[in-house]
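A.B. asks: Model the following, please.
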Amino acid sequence: MKAQLLLRIQLESVGTERYDMVLTNPPFGKKSSITIVNGDGKAIRESITYERQDFWATTSNKQLNFVQHIKSLLKINGRAAVVVPDNVLFEGGAGETVRRKLLSDYDVHTLLRLPTGVFYAQGVKANVIFFDRKPASEKAWTEKLWIYDLRTNKHFTLKTNPLTESDLDDFVKCYNPKNRHDRTETERFKSFTYAELIQRDKVSLDIFWLKDESLEDMENLPDPDVLAAEIADNLEAALQQFRGIVEELETE
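C.D. replies: As a prediction, this is how the structure comes out:
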């Protein structure tokens with residue numbers, strides 16, 4: 001309950017402070033809800049939505065609310081890097097609204113697709129989205145979104161094969177922090193124009209192009225422990241989706 005209250009305080013108001021940079025990994029979890037005991041002593045779950053004038057969409061999706069909260073914290077030309085689960089990239093409704101506005105009003109320039117097996121919460125498929133705040137403009141600020149795929153054909157586990165800093169060296173090189181406007185496409189690093197992105201179904205940013213070798217060559221399967229960990233991740237992801245459905249049904 002204390003954690004839920006803290007999240008509500010963080011999301012209910014943007015405050016007056018603005019920042020040059022925001023680097024964050026908000027708590028994962030698709031839906032926001034709170035348990036209320038009614039007059040009959042029965043506990044019911046009620047979805048939490050945040051109606052803020054600086055938000056583009058009203059939703060109970062906690063991650064979408066954090067993205068909207070973070071974009072409001074930035075100064076003009078301020079920069080953000082935010083860890084988000086996959087659903088932020090493809091969810092319809094409020095998700096599509098947030099992505100359209102973020103691409104238009106902010107410079108969304110980089111997306112890092114993280115591999116599974118790097119978080120303690122099994123089954124989490126996460127990404128890091130990089131965007132800069134810009135002054136108001138009639139023209140969309142996002143010209144190109146560069147996506148680095150560190151997920152396909154990459155196998156990590158927390159114990160036997162953890163992700164290390166050196167595994168990010170190629171991404172850092174491709175990102176080119178000295179001048180990110182001077183980049184070159186590679187096998188794992190591709191760019192997509194604003195026009196291409198805005199025409200995608202629901203403006204989905206869940207984009208991948210590499211072929212999964214383990215699906216094409218049965219003789220090229222990962223080690224048994226890696227394969228078992230991936231199966232566990234997928235099962236846990238499915239369970240999380242079912243829990244989200246149950247929460248939605250309970251609040252109806």
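
A.B. asks: who touches E51 in this structure?
C.D. replies: With contacts taken as CB atoms under 8 Å, 6 or more residues apart in numbering, E51 has the following neighbours: T58. C-beta here means a position set from N, CA and C on the backbone, and glycine is covered the same way.

A.B. asks: go on, I231?
C.D. replies: With contacts defined as CB under 8 Å, 6+ apart, I231 is in contact with no residue.

A.B. asks: got a pLDDT number for it?
C.D. replies: At I231, the model reports a pLDDT of 73.

A.B. asks: Check the spacing between it and N161 real quick.
C.D. replies: When CB to CB, to the nearest Å is applied, the distance between I231 and N161 equals 16 Å.

A.B. asks: cool, L114 as well?
C.D. replies: L114 sits at a distance of 15 Å from N161 (criterion: CB to CB).

A.B. asks: Which of the two has more residues huddled nearby?
C.D. replies: Neighbours were tallied for L114 and for N161 using other CB atoms under 10 Å; the higher tally belongs to L114 (23 against 17).

A.B. asks: Mind pulling the model confidence for that one?
C.D. replies: Note on L114: pLDDT of 95.

A.B. asks: Just give the nearest non-adjacent residue to it, would you?
C.D. replies: A126 (4.7 Å; CB to CB, 6 or more residues apart in numbering).

A.B. asks: Let me know how buried that neighbour is, in neighbour terms.
C.D. replies: 20.

A.B. asks: wait, it sits on L89?
C.D. replies: No - A126 lies out of contact with L89 (CB atoms under 8 Å); the separation is 10.3 Å.

A.B. asks: in its sheet, what does the strand ranked longest in the chain sit against?
C.D. replies: Once the chain is assigned using DSSP state E, the strand that runs over the most residues is strand 74-85. Strand 74-85 sits in its sheet next to strand 19-24 (parallel), strand 126-133 (antiparallel), going by DSSP bridges.

A.B. asks: Which neighbouring residues are in contact with the residue nearest to L114, exactly?
C.D. replies: When the contact criterion is CB under 8 Å, 6+ apart, the partners of A126 are F28, V83, V84, P85, D86, L114, V118, F119.

A.B. asks: One more pass at 6 Å, please.
C.D. replies: Applying CB atoms under 6 Å, 6 or more residues apart in numbering, one finds that A126 lies in contact with V83, P85, L114.

A.B. asks: Okay, and R180 sits in which element?
C.D. replies: R180 belongs to no helix or strand when assigned by DSSP states H and E.

A.B. asks: Now it. Its backbone dihedrals?
C.D. replies: When quoted as degrees, to the nearest 10, the phi and psi of R180 stand at phi -70, psi -10.

A.B. asks: Just give me the neighbour total for it.
C.D. replies: Using other CB under 10 Å, R180 has 14 other residues around it.

A.B. asks: Show the contacting residues for it.
C.D. replies: So R180 contacts nothing (CB under 6 Å, 6+ apart).

A.B. asks: rerun that using 8 Å as the cut-off
C.D. replies: With contact taken as CB under 8 Å, 6+ apart, R180 is in contact with H109, T110.

A.B. asks: pLDDT at it, what is it?
C.D. replies: According to the model's per-residue confidence, R180 sits at a pLDDT of 95.

A.B. asks: again with G117
C.D. replies: As summarised for this prediction, G117 has a pLDDT of 81.

A.B. asks: surely it meets H155?
C.D. replies: Yes - taking contact to mean CB under 8 Å, the distance of 7.1 Å between G117 and H155 places them in contact.

A.B. asks: So for these two, which sits in the more crowded spot?
C.D. replies: Shown here are G117 and H155; by other CB under 10 Å, G117 has more neighbours (23 against 18).

A.B. asks: Now do the same for the more buried one: helix, strand or coil?
C.D. replies: Following DSSP: H, G, I helix; E, B strand; the rest coil, G117 is assigned to coil.

A.B. asks: residues contacting the nearest residue to it once chain neighbours are set aside?
C.D. replies: Using CB to CB, 6+ apart and skipping residues adjacent in sequence, the residue nearest G117 is F156, 4.1 Å away. F156 makes contacts with P115, T116, G117, V118, P162, L163, D167, as judged by CB under 8 Å, 6+ apart.
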